[in-house]
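*Asks:* what follows is a protein structure lacking sequence information:
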């Protein structure tokens, strides 16, 4: 839905490309902050307070993000809200507070007041920097927004969400595990001393902590690093509890996600299987069974397992029409009828045309029957045959149509039309035809122009005695 | 079916009455062929009294038009009733055959 001009200038569209790129950038910074801040606190320590503090550059970017969020549209009940006041209010009441706490460098304030005071073995300034972990809520807000993009696959976004959450959780728990020893001032029985890494490089300390966290959370538990102090025991117990439940949760989620990604395909083939089983139980000849299977393959290629009629019936009329128009792109360009219609008449026709699929070798219309419909070929090749002649009298393909003569003259068809391969046809019944002609007098002219374009084919057939 | 023949200058006018269908087409065809064989090469088919035309009738018209064209002649059709006009429109015959709304217009177009 387009926004009005006055609003458009002040607002950033929630699903615009610019917002998407910015969000992607913010996402990277969120993950970086969530990893870097605890790492600095636990493993780098007081050294982190020297040198260039690029963390504050990131803070500036997040303050810019708050301004951008203030001006970004929101969706309410499925529509994009274009009133800036509503957007602002919604942001103020929602994500503004965590965004603000995470973006404002409160640690500078602490630095000014307390200097490089150390609490529990860590510099207080670095501890206050942990407020930046509030940024993680932004990560989920961004991923939720991305789920609304038409091209995004919600299953993949969910996988990404799990993956990032687990990554961050493990990182934080590993940091916490090292902090347990650090805050106690490395007592001789703490795991860091027993592992002999109290003087090792930060990376060694981090890798050991990470290793212990993962072995514990995944319930592997080699036992080479074990808790000894009360804090360590408590922490280890907590991590084991989390690990066990998380483990079950992850495995379950991944299984259902992977199942979900291919759900439509699985459903389609389960149906094919069931039909095959049924045919076998009824002793249907294998050749016919193969034909049925081929038909389902064709349907899968065509619809990708989605019953388009069912989906379309779910949608309200105007939305359905938009989708049908899009889907009918090939139809509109191949079926000559649509070349001359007004949009209104085209819509009426699209709603009345019935789509039908024919497997190879099917008699689409029969010699001797009275024509009750017009048939337009969207795809496939067909042959005109009669009982008397062995050779086909002619062929029909994409963009051709038949049924006019029999319908207009009220005569019986003098030939049959048989499909050579899979054919997609659109049928316009006599009833719909009459209804549309009544409603749209111009339809008579359309029919006249269409038949004028194909008059040669029609007359050639007619001279050969073919009335279709 | 009845066929009335008259002259309008160089043009032979054939007025068809009733139905031009499988049963009556052979008569119509032989009547027309007799005229063509007799040297007529400008033909006006007046359908003002024709009620119905079938595919067989259309074939006769098409064949006649071809025959006349080959001999540098011409065929015009005029005064179609609604039913017949509909058939002409939908089959595309309105565009391949010269159809006029009345006799005077048709005669003027030769």
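*Replies:* Cool, the structure landed. As the structure is a prediction and not an experimental result, all values here were calculated from the model. Numbers count the residues shown, from 1 in each chain, chains lettered A, B, ... in the order given.

*Asks:* pLDDT weak spots in the stretch 301-450 of chain A?
*Replies:* Applying pLDDT under 70 to the stretch 301-450 of chain A flags no residue at all.

*Asks:* for it, which residues are neighbours of chain B?
*Replies:* Counting by CB under 8 Å from any CB of the partner chain, the stretch 301-450 of chain A comes close to chain B at A:404, A:405, A:407, A:408, A:409, A:411, A:414, A:444, A:447, A:448. For the C-beta atoms, the positions are set from N, CA and C on the backbone; glycine is no exception.

*Asks:* show me which positions of the top helix by length along chain B end up buried.
*Replies:* Counting residues, the longest helix found in chain B (DSSP state H) is helix B:55-70. If you call a residue buried by 16 or more other CB atoms under 10 Å in any protein chain shown, then helix B:55-70 has these buried ones: B:55, B:56, B:57, B:58, B:59, B:60, B:61, B:62, B:64, B:65, B:67, B:68.

*Asks:* just send the residues you listed back as TSV, with distance to chain A too.
*Replies:* Below are these laid out as TSV (distance: CB to the nearest CB, whole Å):
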residue	distance to chain A
B:55	5
B:56	9
B:57	9
B:58	6
B:59	6
B:60	11
B:61	10
B:62	6
B:64	12
B:65	10
B:67	13
B:68	16
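
*Asks:* widest-spaced pair of those residues?
*Replies:* Across the buried residues of helix B:55-70, the longest distance by CB to CB is 20.5 Å; it joins B:55 and B:68.

*Asks:* and the residue lying closest to residue A:61 once chain neighbours are set aside, what pLDDT?
*Replies:* If the residues on either side of it in the chain are set aside, residue A:61 comes closest to residue A:29, at 6.3 Å by CB to CB, 6 or more residues apart in numbering or on different chains. Residue A:29 carries a pLDDT value of 95.

*Asks:* quick one: contacts of whichever strand or helix holds residue A:29?
*Replies:* Per DSSP states H and E: residue A:29 is located in helix A:17-39. Contact with helix A:17-39 is made by A:12-13, A:55, A:58, A:61-62, A:65, A:68, A:72, A:102, A:129-130, A:132-133, A:135-136, A:138-139, A:142-143, A:145-146, A:149, A:164, A:167-168, A:171-172, A:175, A:206, as judged by CB atoms under 8 Å, 6 or more residues apart in numbering or on different chains.

*Asks:* top of the residues of the stretch 301-450 of chain A next to chain B by neighbour count?
*Replies:* residue A:405 (25 neighbours; other CB atoms under 10 Å in any protein chain shown).

*Asks:* what distance separates the helix or strand hosting that one from the centre of its chain?
*Replies:* Secondary structure assigned from DSSP H and E places residue A:405 in helix A:404-409. Its chain's C-alpha centre and that of helix A:404-409 lie 48 Å apart, by CA atoms, centre = their mean, to the nearest Å.

*Asks:* which element follows that helix toward the C-terminus?
*Replies:* strand A:416-419.

*Asks:* give me the contacts around the helix or strand just after that following strand.
*Replies:* The helix or strand immediately downstream of strand A:416-419 is strand A:423-429, counting by DSSP H and E. With contacts defined as CB under 8 Å, 6+ apart, strand A:423-429 is touched by A:302, A:331, A:335, A:349, A:352-358, A:362, A:364, A:372-382.

*Asks:* how about the helices of the stretch 1-150 of chain A, start to end?
*Replies:* For the stretch 1-150 of chain A, applying DSSP state H, counting those that start in this stretch gives helices covering A:5-10, A:17-39, A:55-70, A:84-93, A:96-103, A:106-114, A:124-128, A:136-147.

*Asks:* oh sorry, the question was meant for chain B
*Replies:* Counting by DSSP H, the helices of chain B are B:25-37, B:55-70, B:82-91, B:93-96, B:103-108.

*Asks:* nearest to residue A:213, of the ones you listed?
*Replies:* helix B:82-91 (79.6 Å).

*Asks:* give me the buried positions along the closest one.
*Replies:* B:84, B:85, B:86, B:87, B:88, B:89, B:90, B:91.

*Asks:* let's have those in CSV, adding pLDDT.
*Replies:* Formatted as CSV, these follow (pLDDT from 0 to 100):
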residue, pLDDT
B:84, 89
B:85, 88
B:86, 84
B:87, 84
B:88, 86
B:89, 83
B:90, 78
B:91, 77
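
*Asks:* can you narrow those to ones near chain A?
*Replies:* Answer for these near chain A (CB under 8 Å from any CB): B:86, B:87, B:89, B:90, B:91.

*Asks:* for residue A:82, give its distance to residue A:72.
*Replies:* Separation of residue A:82 from residue A:72 (CB to CB, to the nearest Å): 12 Å.

*Asks:* of these two, which one has the most company?
*Replies:* Shown here are residue A:82 and residue A:72; by other CB under 10 Å, residue A:72 has more neighbours (22 against 19).

*Asks:* got the contact list for the more buried one?
*Replies:* Per CB under 8 Å, 6+ apart, neighbours of residue A:72: A:11, A:12, A:13, A:14, A:19, A:87, A:91.
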